[in-house]
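Engineer: Show me the folded form of this:
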Amino acid sequence: MLQLCKVTKSLFISNGRSACSDELIQQEAVTLCINVSKLQPFPAAGIKKLRVPVYDDPGEDLYSHFDRCADAIQQEETRGGRSVVYCKNGRSRSAAVCVAYLMKHRRLTLAEALQKVKTARHVIDPNPGFMSQLQRYEQELKKRRREAD
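Structural biologist: Next up, the predicted model:
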C-alpha cells in the first residue's frame, strides 16, 4: 500500500515507492522532498528536492546532514509547506533524519522523537551507526542550548 506517514502536520516519512507517487505528493500538498539515498528517484512533481547521498550502512556519515535537513524541514513549515523524508524502505535513513528534526526544532529527547516517528510509521528502525550519531547529535543540541542560554 502506498502511503505517506504523518509525523507532524507538516512532516511525512515514507519509502521510495510512496514518495515517488505524484498523486500522493499532491494529495498531501508536499512542497519539499528529502531523498536520503544515492539511488532512489525523485517524484516528477515540480517541488523542491534535497538529496542526502548516503547508503543504509552503519559506517555512513548521516550526522553531518542532520542540521541542513532539520533546518530545511523547519523552513518549509514556516513557509506553510510540507516535507516528506524518504529512503528506499522508509526504515533507517529517513527515520534518523525525522528524529534529528524533532530533536532540533521540537526540542524532543532522542527517546521521545523516536517514539513519535515510530507512532507514525511503526516499521522504523535506524541502524546502530545512525542511532549512535543521533545520540551524539542529542548531546550536541544540549550543548548548543546551554551556550545559548
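
Engineer: and M1, what does it touch?
Structural biologist: Applying C-beta atoms under 8 Å, 6 or more residues apart in numbering to M1 gives no contacts. For every residue, glycine as well, the C-beta is placed using N, CA and C.

Engineer: after the worst-scoring helix or strand of the chain on mean pLDDT comes which helix or strand?
Structural biologist: Among the helical and strand segments of the chain, the one scoring lowest on mean pLDDT, DSSP states H and E is helix 22-27, with a mean of 94. Next along the chain after helix 22-27, taking DSSP states H and E as the criterion, comes strand 32-35.

Engineer: now the strands for the protein?
Structural biologist: Secondary structure of the chain by DSSP state E: the strands cover 5-8, 11-15, 32-35, 48-51, 83-87.

Engineer: strands paired with the last one, and their directions?
Structural biologist: Each strand that strand 83-87 pairs with, and the sense of that pairing, follows from DSSP bridges: strand 11-15 (parallel), strand 32-35 (parallel).
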